[in-house]
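Chemist: Structure of the sequence below:
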Amino acid sequence: MSALAIIGGSGFGSFPGLEAQERKQVDTRYGTTSAPLVYGLLNGRPLWFLARHGPEHQLPPHRINYRANIQALADAGCTAIVALGAVGGIHPSCAPGVLCVPDQLIDYTYERAHSVFDDEGAGVEHVEFTQPYDDALRRALLAAAADAGIALRDGGTYGVSQGPRLETAAEIRRMAQDGCDLVGMTAMPEAALARELGLGYATLAFVVNWGAGLSDEAITMAAINAQIERCADEIGRLLAVLVERRPGT
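Modeler: Okay, here's the model as predicted:
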């Protein structure tokens with residue numbers, strides 16, 4: 001049976017409408033997961049859910065145990081992951097309120113555990129990562145959005161910053177020069193770990209602010225949280241259609 005998982009980002013410590021049937025904190029060889037792994041039904045269809053930052057949003061991006069989270073989902077039988085992510089907009093078409101499924105990323109993070117192959121004795125493994133996101137899963141998200149009547153931007157490059165602080169204006173200018181359309185803090189090493197473990201992975205990004213220096217308005221958490229709330233309904237409806245359409249679940 002094909003199993004789909006949702007990793008909830010900022011604003012998604014739980015998943016609306018998910019009827020939980022099992023909830024368990026998981027210990028892996030990399031430690032414990034950020035939050036209990038939840039299995040349940042969404043409109044009668046099976047779904048796994050994991051809150052990336054913890055149930056109370058207590059874990060900053062650089063302290064998330066990404067390896068434990070992805071390993072736990074793999075061990076649970078998940079074959080595909082849709083990762084939710086609140087991001088800043090860099091490209092002019094990525095204004096606050098836009099939903100996007102990026103197709104590329106650039107990793108600016110450091111000192112994070114980036115691989116399951118760095119254990120002693122693991123040997124040297126080089127996973128193919130030319131296309132960091134699973135195209136079939138991206139296409140399924142785009143089709144679900146079309147069915148739900150929700151605008152969803154196809155493609156874009158996600159620049160992954162270290163956090164937890166927001167970026168400087170100069171850093172955003174550099175990212176724009178590098179070709180980044182979006183900026184967030186959690187797509188790596190999540191995407192690479194999923195690839196190493198053979199899981200399909202796609203990001204459903206929702207833009208909650210302009211990148212630093214791109215707007216005259218100050219970036220505040222109050223404004224970001226308000227934008228997350230405005231995006232939440234569309235995200236929930238889109239994912240409900242995705243789960244309903246997904247074969248084999």
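Chemist: what about the residue lying closest to Gly17 once chain neighbours are set aside, how many neighbours?
Modeler: Taking C-beta to C-beta, 6 or more residues apart in numbering, and ignoring the residues beside it in sequence, Gly17 has Leu42 as its nearest neighbour in space, at 5.7 Å. Just so you know, the C-beta spots here come from the backbone N, C-alpha and C atoms, and that holds for glycine as well. Residue neighbour count, defined by other C-beta atoms under 10 Å, stands at 22 for Leu42.
Chemist: elements contacting the longest helix along the chain?
Modeler: With secondary structure taken from DSSP state H, the chain has its longest helix at helix 221-245. Counting contacts by 3 or more C-beta pairs under 8 Å, 6 or more residues apart in numbering; DSSP states H and E, the secondary-structure elements packed against helix 221-245 are strand 4-8, strand 37-42, strand 45-51, strand 80-89, strand 99-101, helix 135-148, strand 200-210.
Chemist: report the angle between the axes of it and strand 37-42?
Modeler: Helix 221-245 and strand 37-42 meet at an angle of 60 degrees, taking axes from the mean of the first three to the mean of the last three C-alpha atoms, to 10 degrees as the criterion.
Chemist: avg pLDDT for helix 221-245?
Modeler: This predicted structure assigns helix 221-245 an average pLDDT of 92.
Chemist: what residue is smack in the middle of this protein?
Modeler: Nearest to the centroid of the C-alpha atoms of the chain, with distances taken as C-alpha atoms, centre = their mean, sits Ala83, at 2.8 Å.
Chemist: Now for the residue lying closest to that one once chain neighbours are set aside: which residues touch it?
Modeler: Beyond its immediate neighbours in the sequence, the residue positioned closest to Ala83 (C-beta to C-beta, 6+ apart) is Ile7, lying 4.4 Å away. Contacts of Ile7 were listed using C-beta atoms under 8 Å, 6 or more residues apart in numbering, and they are Phe49, Leu50, Ala51, Arg52, Asn69, Leu73, Ile81, Val82, Ala83, Leu84, Glu190.
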